[in-house]
Structures are given as C-alpha cells and as structure tokens.
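Chemist: everything below, folded, please.
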Amino acid sequence: MTDKLLEDRGDQVLRGIALICLAMACFSSLNATVKSLADEYPIGQLIWARYVLALLVMMVLFMPRHGWNLFCPRRIKIQLLRGTLLFASSALYFQGLAHLPLPTAAAISICSPLLITALSVPFLREPVGPRRWAAVLVGFVGALIVIRPGAAGTSPYVLFIVASMTSGTFYALLTRKYAAEENAEVSATIATVVGVLAGGVWAASNWQTPTNLLDAGLIVSLGVYAAIGHWLFTMAFQFGPAAVIAPFSYMQLVGATLFGYALFGTLPDRMTWLGAAIIVSSGIYIAHRERVRRGQLSRVK
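Modeler: Got it, this is the predicted structure:
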C-alpha cells in the first residue's frame, strides 16, 4: 500500500510539472504578443483586454460546470488579494516588457521560483534544507548578473520586472497555500474579475480602437493565453509542493528566447545567458534536492 501511495504521489508531482510547463508556454505567447502590440496600443488597454477576454473565455469554459458558483469563492478576501497581486504583477511586467528584450525580462522573472523556495519556509511551513538555501543564494547571484545594477546602459525598466516578480511570487504562494481549499477554476476566475475591475479605468482613459483584423485578433488572443495559462498554473500547485513545481517556470525563458529571435531578431547577450544559466541550474538543483529528500523519507517509512 505504501509503495502504491508513493507511486501515486510521484505521478501527481509529474502531472503538476507538466501543467506548469504548459502554463509557461501560454505565458510566453502572451508576452510576445503584448510586446508586438506595445508600440501601437497603450499598455493599459492591452492589460485590460488580457483580463476581460480571459474572463469571457473562463465563463464559457467553466460556467457549464459551476454556474454562478464560479463567482462564489470560499475565501473571498484571500481571492481578492490574489487577484490584486496578479494584476500588479501583470501591469508592472507589461510596462517593463515594452522597453526590454523578451529574454532579459524573462530571465529576471524566473527568479520567482527561487524567492518562492525561500519564502515557503515562513509562509507555507515547507522544509528547505541548507543545500537548497545555497542554491537559492546562487540563483540570486545569477539574477544580479542579469540585472547588473549600477552598470552603464542598464535600463531602469528592469525595476518594473523585479517588482512584478515580487508581486507574482506572493500570488504563487497564496495560490499554493489555499489550493486545497478552493477550486482552481473558481480561483482563476476571481483573480481575473479583479483584473477586469482594476484595469477598466486605466484602459478607458487612453483607448485606441484596433485598426485592422490582425491586431484585433492578437488582442483577443491575449485573453485566451491568459485564461488557459493561469488555470494551468493554479492547477499545477494542487499536485505538489511549491518548491518542486515552481522551478519549472524557467521554461518561460526558453519560450522568450525563441519568440525574441523569431519575432524581433534579438538574442540574449553573454551576461544574460550566464545569469540565466545560473538561475536555471539553481532551480533544477532545488527540484533535484526535493526529489532526493522525498526518496529518503519514503525509505524511512
């Protein structure tokens, strides 16, 4: 029975990893689309479109199953806080993304799993050993290499990405903390409703109607990517510890690099490659240590 239980848990963790990788593919597509539209349309409009269209997609997908209960979370205050953190993270990220290469923004944002690992001790009461603490510190060294604070030519817009990462980290921690108490579809929907309300005033103050069908289609796609991505992201944390699932968000860097080269003809410079490699290696090591720890616990049992 014990071996079967451990096997089932392992399958669940793998399922969570697969879900977050798919979520990162959606987010990479979302970010590339925003950057391609940012020169023509106000950021506030793109953010609001991302939320309102995502809400429509969620209502079509989830209301047949939940009805109006889709808008009735068990912990309304926590869900409103999650939605506020997500909106802040999106707004800050898109503002920075409009002025930075895709891979640079992604390389900074993938530090979030390291911060999640560090904060999972006081916030989630999940154990983090000395080796994983060392990996977190090494990962933050990689982040400093990417950001290069004080270096000539460093864009101040990196601070928007750092602030976005911090807000997104607390969003992920809250997602994990209350994942067992709230339906993933309800959680994703309420967070989106908050974004619709918060972004509406910003969008209305500086609206520009799309001038062609291609732009209109791309703007619509923002909601599709966001709806599916955040649903997958929320589901992923229901299948395993944050310290294991979160590091796989580094796949967003792969997507950002591919889109950056394909759409904008840009590739990361050497220092960004170096810093990103350190960050990703740290994330992989954290996941490896978690697997080793779980193996040791299973042998003890």
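
Chemist: ramachandran angles for R75?
Modeler: R75 adopts backbone torsions of phi -120, psi 80, taken as degrees, to the nearest 10.

Chemist: what's the answer for R74, then?
Modeler: According to degrees, to the nearest 10, R74 has phi -80, psi -40.

Chemist: what does E40 give?
Modeler: phi -100, psi -30.

Chemist: now it: closest residue in space that isn't a chain neighbour?
Modeler: D215 (6.9 Å; CB to CB, 6 or more residues apart in numbering). In short, each C-beta sits where N, CA and C put it, glycine included.

Chemist: residues contacting the one you found?
Modeler: By CB atoms under 8 Å, 6 or more residues apart in numbering, the contact set of D215 is L37, E40, Y41.

Chemist: quick one: buried ones out of those residues?
Modeler: Neighbour counting by 16 or more other CB atoms under 10 Å classes L37, Y41 among the contacts of D215 as buried.

Chemist: can the contacts of D215 go into CSV with extra columns for pLDDT?
Modeler: Formatted as CSV, the contacts of D215 follow (pLDDT from 0 to 100):
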residue, pLDDT
L37, 93
E40, 89
Y41, 91
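
Chemist: export the contacts of D215 to TSV and tack on distance to A143?
Modeler: What follows is the contacts of D215, written out as TSV (distance: CB to CB, whole Å):
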residue	distance to A143
L37	28
E40	31
Y41	30
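
Chemist: what is the nearest of the contacts of D215 to L232?
Modeler: Taking CB to CB as the measure, L232 sits nearest to L37 out of the contacts of D215, at 23.0 Å.

Chemist: where does V300 land on pLDDT?
Modeler: Note on V300: pLDDT of 53.

Chemist: wait, I meant E182
Modeler: For E182, pLDDT reads 84.

Chemist: assign it to helix, strand or coil.
Modeler: What DSSP: H, G, I helix; E, B strand; the rest coil gives for E182 is coil.

Chemist: pretty sure it contacts C72?
Modeler: No - applying CB atoms under 8 Å as the test, E182 and C72 come out as separate, 10.8 Å apart.

Chemist: can you classify L267 as helix, strand or coil?
Modeler: Relying on three-state DSSP, one would call L267 coil.

Chemist: got any ranges where the stretch 1-150 of the chain has weak pLDDT?
Modeler: By pLDDT under 70, the weakly predicted segments of the stretch 1-150 of the chain are 1-11, 150.

Chemist: can you pull out the helices in it?
Modeler: For the stretch 1-150 of the chain, the helices defined by DSSP state H, counting those that start in this stretch cover 2-37, 43-66, 76-97, 102-109, 112-124, 130-147.

Chemist: likewise for the stretch 151-300 of the chain?
Modeler: Using DSSP H, counting those that start in this stretch, helices in the stretch 151-300 of the chain cover 158-177, 184-204, 213-236, 242-245, 251-264, 270-300.
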